[in-house]
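In: My questions are about this predicted structure, shown below with the sequence.
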Amino acid sequence: MKPKSDPDEALPRGATDGPGHERSAAVGDRIWAYGVLGTELAGNFPGPVADSLATIMSKDRARSIRQVLLFTLLLNMLVAVLKLVVGTLTHMLSVRADGFHSLTDGLNNVLGVVGMWWANRPPDAGHPYGHERMEVVAGSVVGASLLLVSWNVVQSALARLQASDAPAAPDASTWIVLVVTLAVNLFVVLYETSQAKRLNSPFLASDAAHTLSDVLVTVGVVASVVCVHFGLLWADWVAAFVVAGFIVVAGLRILATNVGYLMDSAQVPTETIETAVRRVPGVASAHKIRTRGQPGSVRVDLHIQIAPHLDVVHAHEVTHWVIDALKLEVPGVTDVVVHTEPAAADARYPELPSRMLYTRGERR
């Protein structure tokens, strides 16, 4: 019996590989399905394209994140050395102490490099789903460290509130350190934020927020000095409390985001998954769609209903088309689990290749 495919959803078939080259029916239709999905891979990759592409992209992503962290580590170390040298030569304990604080920023970068190395390790018997959540754990540590930074700022504000004398005005060398530090940290924030979006990296986003806290502290120091210069002594501790509040909010947001990843919060709208799946030849519908994971490593579970006349072999092929479609069409998807069901007899679906249009007993 010939099934009822939907003529409105049917797309042109193209499974050839050029003159003199022929593919097997299964491989040819697999590549034809990629062409239907609108990808640029049609006719070029006859093997498990989506799996290979996902593996390559995962390795490139991890390498790019490590490069970003090593670059920002270098910048943080330069700033730390500058503060330590100036603080030691001018006998400014506050500048010297801030230099040691900048060293902790470098430790965050080292934590990120180690976390990405761990997260990129292949699955093993004890961790069959891999180790990618180590990136989220490392990002959570950075978020928690922001809460410690905010508490340090509050303690300094309380100490200033209890002191009777005005804070000492910084000299020229200290101003130079403040300006250079502010410029470098602003660059790091903008750079890491853009790279976090490009690479879908929770850790880079967390580290950018941590560096932004340093920018807020520096801006607070500058604002306090200016206010004190004009006799507004109360502005020093008020600015400290305001900065501490911003840092607490940033830390809690980072923790909430990373905890959401660890608790398997949904990562992709179900409409996005359903749209990609419904374009696959032979698929009538999709339901029970669930997503989890983290940016750059999303796992999808779903049920699909396919043309009811398909036998097990062809149903298996269509199922793999769905897996490939999701990995190729939806950014960040690395693993797909599909439960396949027969659709109703009158269900409509995108056109199947000719070798799948008849039941086994009716094939010619």
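Out: All right, it came through fine.

In: Can you list the buried residues in the helix or strand hosting residue 159?
Out: According to DSSP states H and E, residue 159 maps onto helix 134-162. For helix 134-162, burial by neighbour count (16 or more other CB atoms under 10 Å) applies to 134-143, 145-147, 149-150, 153-154, 156-157, 160. C-beta here means a position set from N, CA and C on the backbone, and glycine is covered the same way.

In: Output the contacting helices and strands for that helix.
Out: Counting by 3 or more CB pairs under 8 Å, 6 or more residues apart in numbering; DSSP states H and E, the packing neighbours recorded for helix 134-162 are helix 93-119, helix 202-229, helix 234-262.

In: mind listing the helices for the stretch 251-364 of the chain?
Out: 270-278, 312-329 (DSSP state H, counting those that start in this stretch).

In: hey, which of the ones you listed is tucked in deepest?
Out: Neighbour counts averaged per stretch over the helices of the stretch 251-364 of the chain are highest for helix 312-329, at a mean of 20; criterion: mean count of other CB atoms under 10 Å.

In: how far is stretch 221-241 from where the chain is centred?
Out: Relative to its chain's centre, stretch 221-241 lies at 39 Å (CA atoms, centre = their mean, to the nearest Å).

In: What's the mean pLDDT across that stretch?
Out: For stretch 221-241, mean pLDDT is 72.

In: export it as CSV, just CAs?
Out: Taking Å, rounded to 0.1, in the frame of the first residue of the first chain, the C-alpha atoms of stretch 221-241 are listed here in CSV:
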residue,chain,number,x,y,z
VAL,A,221,37.5,53.6,44.6
VAL,A,222,37.7,56.4,42.1
ALA,A,223,34.3,57.7,42.9
SER,A,224,35.1,57.7,46.6
VAL,A,225,38.3,59.6,46.2
VAL,A,226,36.6,62.3,44.2
CYS,A,227,33.8,62.6,46.7
VAL,A,228,36.2,62.7,49.6
HIS,A,229,38.2,65.4,47.8
PHE,A,230,35.1,67.6,47.9
GLY,A,231,34.4,66.8,51.6
LEU,A,232,31.8,64.1,51.1
LEU,A,233,33.4,61.6,53.6
TRP,A,234,30.2,59.5,53.8
ALA,A,235,30.4,58.7,50.0
ASP,A,236,33.3,56.3,50.6
TRP,A,237,31.4,53.7,52.6
VAL,A,238,28.2,54.3,50.7
ALA,A,239,29.9,53.6,47.4
ALA,A,240,31.4,50.4,48.9
PHE,A,241,28.0,49.1,50.0
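
In: Listing request: residues of this structure with sub-threshold pLDDT.
Out: Residues of the chain meeting the criterion pLDDT under 70: 1-58, 90-101, 160, 163-171, 225, 228-229, 233, 236, 358-364.

In: coming back round to it: quick one, which of the helices and strands packed on helix 134-162 is packed in tightest?
Out: Comparing those by mean count of other CB under 10 Å gives helix 202-229 as most buried, with a mean of 22.

In: Check the gap between residue 307 and residue 288 for me.
Out: Distance of residue 307 to residue 288, given as CB to CB, to the nearest Å: 19 Å.

In: Could you work out which of the helices and strands packed on helix 134-162 reaches nearest to residue 68?
Out: Across the helices and strands packed on helix 134-162, the minimum distance to residue 68, taken as CB to CB, is reached by helix 202-229, at 6.2 Å.

In: Could you tell me which other helices and strands that closest one packs against?
Out: When contacts are defined as 3+ CB pairs under 8 Å, 6+ apart, helix 202-229 sits against helix 49-90, helix 93-119, helix 134-162, helix 172-199, helix 234-262.

In: For these, give me a markdown table that also has distance to residue 269.
Out: Formatted as a markdown table, the helices and strands packed on helix 202-229 follow (distance: least, CB to CB, whole Å):
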| stretch | distance to residue 269 |
| --- | --- |
| helix 49-90 | 20 |
| helix 93-119 | 25 |
| helix 134-162 | 21 |
| helix 172-199 | 18 |
| helix 234-262 | 15 |
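
In: for the ones you listed, which one sits closest to residue 279?
Out: Comparing the helices and strands packed on helix 202-229 by their distance to residue 279 (CB to CB), the top pick is helix 49-90, with 14.7 Å.

In: rewinding a little: now tabulate the helices of the stretch 251-364 of the chain in TSV and tack on distance to residue 296.
Out: Formatted as TSV, the helices of the stretch 251-364 of the chain follow (distance: least, CB to CB, whole Å):
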stretch	distance to residue 296
helix 270-278	16
helix 312-329	13
